[in-house]
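S.K.: give the three-dimensional model of this entry:
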Amino acid sequence: MSFQYINSHILDSHPGPLPIVVGNGYLAAIPLVGSTTKLVVIHNGTPVKVCRNHKSAATLINKLKKLHNTSPRNVNSSVDVTTF
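M.R.: I've put the predicted structure just below:
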């Protein structure tokens, strides 16, 4: 009697990159289907870029996080944002 392993990849010692989620989920890097190293960076529900590895995805997320923290949308409501 022979067995057929349908999900044999779950027993792999190197399953691929782990996802990255930042903040309340506004930034995320999710593994690309069919790849063992690529991640898709998602910002506010929109795919931004396909990164080749975990390090490049983390670098892009840090860059987007800095841009998000300094955007006029995050300024206190008492500040007039029309002058920006």
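
S.K.: quick one: residues contacting the closest residue to K38 other than its chain neighbours.
M.R.: In space, and not counting its chain neighbours, K38 is closest to L32: 4.1 Å by C-beta to C-beta, 6 or more residues apart in numbering. C-beta coordinates here come from the backbone N, C-alpha and C atoms, glycine included. By C-beta atoms under 8 Å, 6 or more residues apart in numbering, L32 lies in contact with 38-40, 50.

S.K.: rerun that using 10 Å as the cut-off
M.R.: Applying C-beta atoms under 10 Å, 6 or more residues apart in numbering, one finds that L32 lies in contact with 16-17, 38-40, 50-51.

S.K.: H43 now?
M.R.: Counted by C-beta under 10 Å, 6+ apart, H43 has contacts 22, 26-28, 49, 60-61, 64-65, 67-68.

S.K.: Three-state assignment for K63, please.
M.R.: Per DSSP: H, G, I helix; E, B strand; the rest coil, the secondary structure class of K63 is helix.

S.K.: hmm, back to that, any chance of the contacts of L32 in CSV, plus secondary structure?
M.R.: Below are the contacts of L32 laid out as CSV (three-state DSSP):
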residue, secondary structure
G16, coil
P17, coil
K38, coil
L39, strand
V40, strand
V50, strand
C51, strand
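
S.K.: make a PyMOL selection of the buried ones in those residues.
M.R.: In PyMOL syntax, the buried subset of the contacts of L32 is picked out as below (16 or more other C-beta atoms under 10 Å):
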select buried, resi 17+38+39+40+51
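
S.K.: for the contacts of L32, which two are the farthest from each other?
M.R.: Longest distance between any two of the contacts of L32 is 14.3 Å, between G16 and V50; criterion C-beta to C-beta.

S.K.: what's the residue nearest to K38 sitting at in phi/psi?
M.R.: Main-chain dihedrals, L32, degrees, to the nearest 10: phi -80, psi 140.

S.K.: quick one: the helices in this structure, in order.
M.R.: Along the chain, the segments classed as helices by DSSP state H run 54-69.

S.K.: what segments of it are strands?
M.R.: 20-22, 27-31, 39-43, 46-51 (DSSP state E).
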